[in-house]
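In: Any chance you could fold what I've pasted below:
(chains A, B, C and D)
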Protein chains: 2
Amino acid sequence: MKNIRMKVARTEMDLSQEELAKQVGVSRQTIGLIELGKYNPSLNLCIAICKTLSKTLDDLFWED
Amino acid sequence: MKNIRMKVARTEMDLSQEELAKQVGVSRQTIGLIELGKYNPSLNLCIAICKTLSKTLDDLFWED
DNA sequence: GCTTTATGCAATATATATTTGTCATAAAGT
DNA sequence: ACTTTATGACAAATATATATTGCATAAAGC
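Out: Have a look, this model is predicted:
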(Lines give C-alpha, C1' and ligand atoms only; values in the text may rest on other atoms or scores of the structure.)
Protein backbone atom coordinates (compact mmCIF):
# COMPACT_ATOMS: atom_id res chain seq x y z
CA MET A 1 0.00 0.00 0.00
CA LYS A 2 1.06 3.60 -0.53
CA ASN A 3 3.55 5.05 1.90
CA ILE A 4 1.97 8.40 2.58
CA ARG A 5 4.01 9.05 5.70
CA MET A 6 7.19 8.89 3.67
CA LYS A 7 5.85 11.25 1.06
CA VAL A 8 4.77 13.70 3.77
CA ALA A 9 8.16 13.51 5.48
CA ARG A 10 9.88 14.14 2.17
CA THR A 11 7.77 17.16 1.31
CA GLU A 12 8.29 18.48 4.84
CA MET A 13 11.99 18.51 4.04
CA ASP A 14 11.21 20.22 0.72
CA LEU A 15 12.83 17.46 -1.29
CA SER A 16 11.76 16.11 -4.67
CA GLN A 17 11.85 12.37 -5.29
CA GLU A 18 14.93 12.93 -7.37
CA GLU A 19 16.72 14.93 -4.68
CA LEU A 20 15.95 12.34 -2.02
CA ALA A 21 17.10 9.59 -4.36
CA LYS A 22 20.42 11.30 -4.92
CA GLN A 23 21.01 11.87 -1.21
CA VAL A 24 20.14 8.26 -0.46
CA GLY A 25 22.11 6.87 -3.37
CA VAL A 26 19.36 5.20 -5.39
CA SER A 27 17.45 6.03 -8.54
CA ARG A 28 14.42 8.29 -8.70
CA GLN A 29 12.24 5.38 -9.78
CA THR A 30 13.08 3.43 -6.65
CA ILE A 31 11.92 6.28 -4.41
CA GLY A 32 8.80 6.74 -6.48
CA LEU A 33 7.88 3.07 -6.34
CA ILE A 34 8.41 2.89 -2.59
CA GLU A 35 6.04 5.82 -2.12
CA LEU A 36 3.55 4.12 -4.41
CA GLY A 37 3.78 0.97 -2.31
CA LYS A 38 4.85 -1.15 -5.25
CA TYR A 39 8.17 -2.13 -3.79
CA ASN A 40 9.71 -4.12 -0.99
CA PRO A 41 12.84 -2.08 -0.28
CA SER A 42 15.89 -3.36 1.53
CA LEU A 43 16.47 -2.56 5.18
CA ASN A 44 19.59 -0.54 4.42
CA LEU A 45 17.67 1.60 1.98
CA CYS A 46 14.88 2.17 4.50
CA ILE A 47 17.43 3.24 7.08
CA ALA A 48 19.13 5.63 4.65
CA ILE A 49 15.76 7.19 3.81
CA CYS A 50 14.90 7.56 7.48
CA LYS A 51 18.18 9.25 8.29
CA THR A 52 17.84 11.69 5.41
CA LEU A 53 14.30 12.54 6.47
CA SER A 54 15.12 12.67 10.20
CA LYS A 55 12.70 9.88 11.01
CA THR A 56 12.95 6.36 12.40
CA LEU A 57 11.92 3.05 10.90
CA ASP A 58 8.78 2.95 13.01
CA ASP A 59 7.92 6.48 11.91
CA LEU A 60 7.94 5.65 8.22
CA PHE A 61 7.66 1.91 7.76
CA TRP A 62 5.91 0.32 10.74
CA GLU A 63 2.17 -0.30 10.58
CA ASP A 64 -0.17 -0.91 13.46
CA MET B 1 27.29 -5.81 12.13
CA LYS B 2 25.72 -8.59 14.19
CA ASN B 3 22.11 -8.20 15.17
CA ILE B 4 22.30 -9.20 18.80
CA ARG B 5 18.93 -7.69 19.69
CA MET B 6 17.23 -9.98 17.22
CA LYS B 7 19.01 -13.01 18.58
CA VAL B 8 18.05 -12.07 22.12
CA ALA B 9 14.42 -11.51 21.14
CA ARG B 10 14.37 -14.88 19.41
CA THR B 11 15.80 -16.75 22.37
CA GLU B 12 13.38 -14.91 24.68
CA MET B 13 10.62 -16.51 22.64
CA ASP B 14 12.43 -19.86 22.92
CA LEU B 15 12.68 -20.23 19.17
CA SER B 16 15.52 -21.78 17.18
CA GLN B 17 16.65 -20.13 13.96
CA GLU B 18 14.88 -22.89 12.10
CA GLU B 19 11.60 -22.41 13.96
CA LEU B 20 11.65 -18.66 13.44
CA ALA B 21 12.47 -19.21 9.78
CA LYS B 22 9.49 -21.47 9.34
CA GLN B 23 7.10 -19.08 11.07
CA VAL B 24 8.37 -16.22 8.98
CA GLY B 25 8.42 -18.16 5.75
CA VAL B 26 12.11 -18.05 4.86
CA SER B 27 15.02 -20.47 5.08
CA ARG B 28 17.08 -21.09 8.17
CA GLN B 29 20.15 -19.69 6.45
CA THR B 30 18.46 -16.37 5.86
CA ILE B 31 17.68 -15.96 9.56
CA GLY B 32 21.19 -17.02 10.48
CA LEU B 33 22.80 -14.55 8.11
CA ILE B 34 20.63 -11.67 9.32
CA GLU B 35 21.70 -12.37 12.90
CA LEU B 36 25.30 -12.52 11.77
CA GLY B 37 24.90 -9.13 10.09
CA LYS B 38 25.89 -10.47 6.70
CA TYR B 39 22.63 -9.64 5.03
CA ASN B 40 20.53 -6.72 3.94
CA PRO B 41 17.04 -8.16 4.39
CA SER B 42 13.92 -6.81 2.74
CA LEU B 43 11.52 -4.59 4.65
CA ASN B 44 8.74 -7.15 4.45
CA LEU B 45 10.96 -9.79 5.96
CA CYS B 46 12.01 -7.45 8.77
CA ILE B 47 8.36 -6.73 9.52
CA ALA B 48 7.48 -10.42 9.56
CA ILE B 49 10.33 -11.12 11.97
CA CYS B 50 9.25 -8.26 14.23
CA LYS B 51 5.67 -9.46 14.36
CA THR B 52 6.70 -13.02 15.18
CA LEU B 53 8.99 -11.78 17.94
CA SER B 54 6.51 -9.17 19.24
CA LYS B 55 8.88 -6.31 18.54
CA THR B 56 8.88 -3.25 16.28
CA LEU B 57 11.31 -2.24 13.56
CA ASP B 58 12.99 0.26 15.85
CA ASP B 59 13.35 -2.42 18.54
CA LEU B 60 15.26 -4.81 16.31
CA PHE B 61 16.68 -2.92 13.35
CA TRP B 62 17.18 0.75 14.21
CA GLU B 63 20.57 1.94 15.40
CA ASP B 64 21.39 5.12 17.25
C1' DG C 1 30.13 -43.51 22.29
C1' DC C 2 26.01 -42.38 19.71
C1' DT C 3 22.26 -39.46 18.23
C1' DT C 4 19.92 -35.09 18.12
C1' DT C 5 19.68 -30.25 17.96
C1' DA C 6 21.46 -25.79 16.82
C1' DT C 7 24.36 -23.10 14.29
C1' DG C 8 27.89 -21.49 10.83
C1' DC C 9 29.99 -21.88 6.15
C1' DA C 10 30.13 -22.37 1.09
C1' DA C 11 28.44 -23.09 -3.79
C1' DT C 12 25.00 -22.94 -7.12
C1' DA C 13 20.33 -21.68 -8.60
C1' DT C 14 16.24 -18.67 -8.59
C1' DA C 15 13.37 -14.68 -7.42
C1' DT C 16 13.16 -10.05 -7.04
C1' DA C 17 15.02 -5.34 -5.95
C1' DT C 18 17.16 -1.69 -8.38
C1' DT C 19 19.05 0.68 -12.58
C1' DT C 20 18.76 2.71 -16.90
C1' DG C 21 16.40 4.74 -20.51
C1' DT C 22 12.34 6.56 -22.47
C1' DC C 23 7.70 8.48 -22.83
C1' DA C 24 3.42 10.98 -21.04
C1' DT C 25 1.31 14.46 -18.30
C1' DA C 26 0.17 18.02 -15.18
C1' DA C 27 1.58 22.18 -12.62
C1' DA C 28 4.37 26.42 -12.27
C1' DG C 29 7.27 30.08 -14.07
C1' DT C 30 8.47 33.31 -17.62
C1' DA D 1 2.80 29.47 -25.94
C1' DC D 2 7.07 27.74 -24.20
C1' DT D 3 10.17 25.71 -20.91
C1' DT D 4 11.08 23.53 -16.51
C1' DT D 5 10.10 20.63 -12.79
C1' DA D 6 7.88 16.76 -10.67
C1' DT D 7 5.89 12.53 -11.01
C1' DG D 8 3.96 8.08 -12.84
C1' DA D 9 4.30 4.19 -16.13
C1' DC D 10 6.74 0.72 -18.87
C1' DA D 11 10.40 -2.56 -20.57
C1' DA D 12 14.89 -4.58 -20.50
C1' DA D 13 19.17 -5.30 -18.09
C1' DT D 14 21.86 -5.91 -13.85
C1' DA D 15 22.66 -6.57 -8.93
C1' DT D 16 21.53 -8.80 -4.98
C1' DA D 17 18.33 -11.17 -1.62
C1' DT D 18 16.81 -15.68 -0.77
C1' DA D 19 16.45 -20.91 -1.51
C1' DT D 20 18.50 -25.23 -1.67
C1' DT D 21 21.77 -28.61 -0.66
C1' DG D 22 25.41 -30.38 1.65
C1' DC D 23 29.16 -30.41 5.07
C1' DA D 24 31.46 -29.30 9.74
C1' DT D 25 31.21 -28.61 14.65
C1' DA D 26 29.91 -28.04 19.31
C1' DA D 27 26.63 -28.88 23.06
C1' DA D 28 23.07 -31.86 25.31
C1' DG D 29 20.66 -36.14 26.23
C1' DC D 30 20.63 -40.90 26.49
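In: and the gap between A:Ile34 and B:Leu33?
Out: Noted for A:Ile34: a distance of 24 Å to B:Leu33, by Cβ to Cβ, to the nearest Å. Quick note: C-beta positions are derived from backbone N, CA and C, even for glycine.
In: Who has more neighbours out of these two?
Out: Per other Cβ atoms under 10 Å in any protein chain shown, whichever of A:Ile34 and B:Leu33 has more neighbours is A:Ile34, with 25 against 16.
In: Endpoints of stretch A:39-48, how far apart?
Out: Counting by Cα to Cα, to the nearest Å, you get 16 Å between the two ends of stretch A:39-48.
In: List the contacts of the residue nearest to A:Leu57 when sequence neighbours are not counted.
Out: Closest residue in space to A:Leu57, ignoring its immediate chain neighbours: B:Leu57 at 3.7 Å, by Cβ to Cβ, 6 or more residues apart in numbering or on different chains. Neighbouring residues of B:Leu57 by Cβ atoms under 8 Å, 6 or more residues apart in numbering or on different chains: A:56-58, A:61-62, B:46-47, B:50.
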